[in-house]
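Engineer: Quick one: sequence plus predicted model below, questions after.
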2 protein chains.
Amino acid sequence: MDYRNTRMWEELNAAPAILQTLAAKNAGVLDEIAKAAKGALNAYTVARGTSDHAMMYFKYLAESILGLPVASGAPSVVTVYNAALRLDRSLVVACSQSGKAADVMEVVRRANDCGAVTVAITNDESSPLAKLAKFHLCCFAEEEKSVAATKTFSAQLYLSMLLVSALAGKKEDFSAFLHTFSSNVPTIDAATDAAAAEFISAEECFLLSRGISAALAFEAGLKLQETCYIKARAYHSSDFYHGPMAMVGKGTKIVLFASRRALNESSEQTHREDYVKCAQKMLELGADLFIVTDDEGAFSGMAAKIIPVAGGGDERLTAFYFALAAQMLACKVSCGKGLNPDSPRALKKVTITK
Amino acid sequence: MDYRNTRMWEELNAAPAILQTLAAKNAGVLDEIAKAAKGALNAYTVARGTSDHAMMYFKYLAESILGLPVASGAPSVVTVYNAALRLDRSLVVACSQSGKAADVMEVVRRANDCGAVTVAITNDESSPLAKLAKFHLCCFAEEEKSVAATKTFSAQLYLSMLLVSALAGKKEDFSAFLHTFSSNVPTIDAATDAAAAEFISAEECFLLSRGISAALAFEAGLKLQETCYIKARAYHSSDFYHGPMAMVGKGTKIVLFASRRALNESSEQTHREDYVKCAQKMLELGADLFIVTDDEGAFSGMAAKIIPVAGGGDERLTAFYFALAAQMLACKVSCGKGLNPDSPRALKKVTITK
C-alpha cells in the first residue's frame, strides 16, 4: 500500500488548514472560559491515549505560562474508587476525539457537581462529552476515519495553546506561523523519508525529549506502536537516566525530539545543553540515534541522523512540526512494512474504558 | 551469582522489619503535617524513577481517600521554563531516596517561597532535601547499597499510606498486617520461582494493572529494565487498550497485577470484572500471561500462570505483597541471566538531573 493512498496520510496533511480556522471559530468560548476560570487554583485534565498527550502539552504550557498546577486525572479514582474529588476550585479539561469516553465523562460529571469550570475538547459538537461540560472547544476537523488520530491531535494541541493564551489574558496572532507551517509541509515530508526506510526493519525503539516537546515524543511512540507494531517506548529524558537507560545497547534505535526554542530566550541554552548531553550519552551507549530538530547546528559532528524541521518562534509552535514529522514517519513505516495504518490489529476507533 | 548472595536480595528482605518501626518513628511529624496541611486544596508531588512510583501510589490514595487532586510535578517546568508555579494552597510532597535530587529540590524551593506545606520523604535525615522541606518523613531503612531501590521503595509506599491516613485524621493500626506480611515472605519467595525461570529468556514484556496497584506494575517494569535489561513497559490497563495493545502478539509476555481488594467492598466487583476482562483480552491476543494476585479464584480455568500472594485487607496493603513479588522476580531473573542486579550497566545509585 502506498502511504499516499492512506486515510492517515490524507488526514495528517489536513491539519495545517484545520488549524487556520480554529482561533476564530472558538474565540467566543475561549473568552467565556477565561472569565469563568479566573478563580481556578489548579487544573485537572482527563483523557486517554493520544488525547492525553495533548493534555501533557497543556500541562507544560499551563504550569510554565500561568503557574497553574495541573494534575493529570486518573479516571479510575472516580469510576473504581468512587472518590469524592474536591474540584470546586479547579479548571477541569476533558479531551476526547470522539467525545464518547465513558470514564472521562464520569469525572466531568463529578466536576460539574463540585462547581468546577469544565471544558471539553472534542471533534464532535453533538457528542455527549461536548454537551456535558460547561464549555466546549471544538476541533472542527471533520470526521476522522483512520484509527490513528492525527489531524485531531494537532487540533487538540492548538486548542490547548489557545486556551492557555486566553487564560493568560493574551491575544496572540498565530497566522504568520500557520502560513509558514503550511508551506513547510513538503520539507517535513522529504525529511522523514530516510528515517522511515531505516525504521521498516525496527522492532523496537525509544523516543526521548523533555518539557513541552516530551508530549510529542510520547505521541510519536504511540503512533509507531499502533500503526507499525514497533515496541516503541517514550520517556522524558530526565526519567530515562533513572533506570530505563540500562536497556540501551549497541544499535538500539532512539529518536530524540530537540527543540531549539523554549518559551523564552533565557531557557534556550539550558535546553540545548540538555539535548546535547542526552545525544552524547546515547551515542556513547552505542545507540542508533535519530534527532528531529530545528537546531541542527547543536549536533554537528555527532554520529546522529538528523531529521531537520523548520521549527516555530517558540517551543509551543515547534510542537506542530514535531507532531507532523512523527505522524508522517509512522505512516510511511507502516506502509513500508506492508501494514495498513488505518486499521491496526486489535484496535477500534473509539475505545470506551471505565 | 546466586541471587541469595546479592545486596538487592538482602535489602528487599529487610523491608518488612523496616516498615514495623516507621509509624512510631514518624508519628510526631505526621501529626504536624496533618495540622499544617488542613487548608491545602491540592497536592503536588516531585520525584523521579522508583520514588515517582511511590508518588503514583500516593496520588491514588490521596485522591480516593481525601478527594485531594494530586498533580505529578514535572521539575523542568521550574528548572527549564522558570515557571512561577502557584503552590500557595498546595501540599508539596518531594520523594527521593538519597535526598539529593537537584531538580526535585528546585521545585521544593519554589514551593517554600509560595508558602506551601512542603514534605520530603528520604532515607537520609541529613540530606539537603530533608533539610530544605518544612517537614521530613524518614524511611529509616539504613543505607541502601544496591543500585536497584527495594527496601526504600517499600518504606516510601508505607510513609505515603501513613501520610494519607494522617491527613484523613485517622489513627490506623497496621501492626497485625505487618506481622502477617512478614510471616508470608517465604511464600512470596516460593511463588516467584517458576515465573523467574520463564523470564530468564524474555527480551521484553508488558506489565499491567490499574488504580492503586498500577504503581506496582510500573515499579516492576523499572526493576526488570534496570536489573535484567528486559524491555519492560508498564501501562494502566485502561490506557493499554487505547493503542499500545496493538503490540501484543503470540507469546508476548504480560504480567498483570490483580488485587482482590479495592478500598471498600463496593468497588471490589468492578475491580475483579476489569481484571478478568483484561486477562481474557490478553489471552485472546495470544499473550503469555502471568497474574500476580490474591484472587486466584477469579482466573480459574484460564490459561494464565498465577503467582499467588496472600494480599492485605485492602488494596493499599496488598501493594506491599506486589512490591516484594516484583522485586524478588527481578532479582532472580537478573542472576539467572548471569547479571549482577546490584550494579546495572550505565546506572549509578544517585542520579542528579536538572
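Structural biologist: Perfect, I can see it now.
Engineer: going forward, measure contacts and count neighbours with C-alpha atoms only.
Structural biologist: Noted.
Engineer: Got phi/psi on the residue nearest to residue A:105 when sequence neighbours are not counted?
Structural biologist: In space, and not counting its chain neighbours, residue A:105 is closest to residue A:129: 6.1 Å by Cα to Cα, 6 or more residues apart in numbering or on different chains. Residue A:129 adopts backbone torsions of phi -70, psi -40, taken as degrees, to the nearest 10.
Engineer: ok, now residue A:172?
Structural biologist: The phi/psi pair for residue A:172 (degrees, to the nearest 10) reads phi -110, psi 150.
Engineer: wait, what's in contact with it?
Structural biologist: Contacts for residue A:172 were tallied using Cα atoms under 8 Å, 6 or more residues apart in numbering or on different chains; they are residue A:165.
Engineer: got the residue ranges for the helices in chain A?
Structural biologist: For chain A, the helices defined by DSSP state H occupy A:7-36, A:49-61, A:76-79, A:102-114, A:128-132, A:151-167, A:175-183, A:185-191, A:193-199, A:214-228, A:237-240, A:265-284, A:315-336.
Engineer: Redo those as JSON lines? Include mean neighbour count, distance to residue B:136 and mean pLDDT.
Structural biologist: Formatted as JSON lines, the helices of chain A follow (neighbours: other Cα atoms under 10 Å in any protein chain shown; distance: least, Cα to Cα, whole Å; pLDDT from 0 to 100):
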{"stretch": "helix A:7-36", "mean neighbour count": "18", "distance to residue B:136": "38", "mean pLDDT": "98"}
{"stretch": "helix A:49-61", "mean neighbour count": "26", "distance to residue B:136": "28", "mean pLDDT": "97"}
{"stretch": "helix A:76-79", "mean neighbour count": "22", "distance to residue B:136": "27", "mean pLDDT": "94"}
{"stretch": "helix A:102-114", "mean neighbour count": "21", "distance to residue B:136": "33", "mean pLDDT": "97"}
{"stretch": "helix A:128-132", "mean neighbour count": "21", "distance to residue B:136": "42", "mean pLDDT": "98"}
{"stretch": "helix A:151-167", "mean neighbour count": "24", "distance to residue B:136": "35", "mean pLDDT": "98"}
{"stretch": "helix A:175-183", "mean neighbour count": "15", "distance to residue B:136": "48", "mean pLDDT": "98"}
{"stretch": "helix A:185-191", "mean neighbour count": "16", "distance to residue B:136": "50", "mean pLDDT": "98"}
{"stretch": "helix A:193-199", "mean neighbour count": "16", "distance to residue B:136": "48", "mean pLDDT": "97"}
{"stretch": "helix A:214-228", "mean neighbour count": "28", "distance to residue B:136": "31", "mean pLDDT": "96"}
{"stretch": "helix A:237-240", "mean neighbour count": "21", "distance to residue B:136": "24", "mean pLDDT": "91"}
{"stretch": "helix A:265-284", "mean neighbour count": "17", "distance to residue B:136": "31", "mean pLDDT": "95"}
{"stretch": "helix A:315-336", "mean neighbour count": "25", "distance to residue B:136": "37", "mean pLDDT": "98"}
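Engineer: which one of these lies closest to residue A:140?
Structural biologist: Proximity to residue A:140 (Cα to Cα) singles out helix A:7-36 among those, at 7.1 Å.
Engineer: The closest one to helix A:151-167, inter-axis angle?
Structural biologist: An angle of 20 degrees separates the directions of helix A:7-36 and helix A:151-167 when computed by axes from the mean of the first three to the mean of the last three Cα atoms, to 10 degrees.
Engineer: wait, isn't residue A:92 in contact with residue A:116?
Structural biologist: Yes - Residue A:92 is within contact range of residue A:116, at 6.7 Å (criterion: Cα atoms under 8 Å).
Engineer: how about the residues of the stretch 151-300 of chain A near chain B?
Structural biologist: Those residues of the stretch 151-300 of chain A that sit near chain B, judged by Cα under 8 Å from any Cα of the partner chain, are A:210-211, A:222, A:225-227, A:229-231, A:233, A:238-239, A:241-247, A:262-264, A:267, A:270-271.
Engineer: Roughly how far does the residue nearest to residue A:105 sit from chain B?
Structural biologist: The span separating residue A:129 from chain B equals 18 Å under the rule Cα to the nearest Cα, to the nearest Å.
Engineer: List the contacts of residue A:207.
Structural biologist: The contact partners of residue A:207, taken as Cα under 8 Å, 6+ apart, are A:217-218, A:220-221, A:232-235, A:254-257.
Engineer: Now do the same for residue A:346: its pLDDT.
Structural biologist: The score at residue A:346 is 69. That number is its pLDDT.
Engineer: can you check residue A:349 too?
Structural biologist: Listed pLDDT for residue A:349 reads 73.
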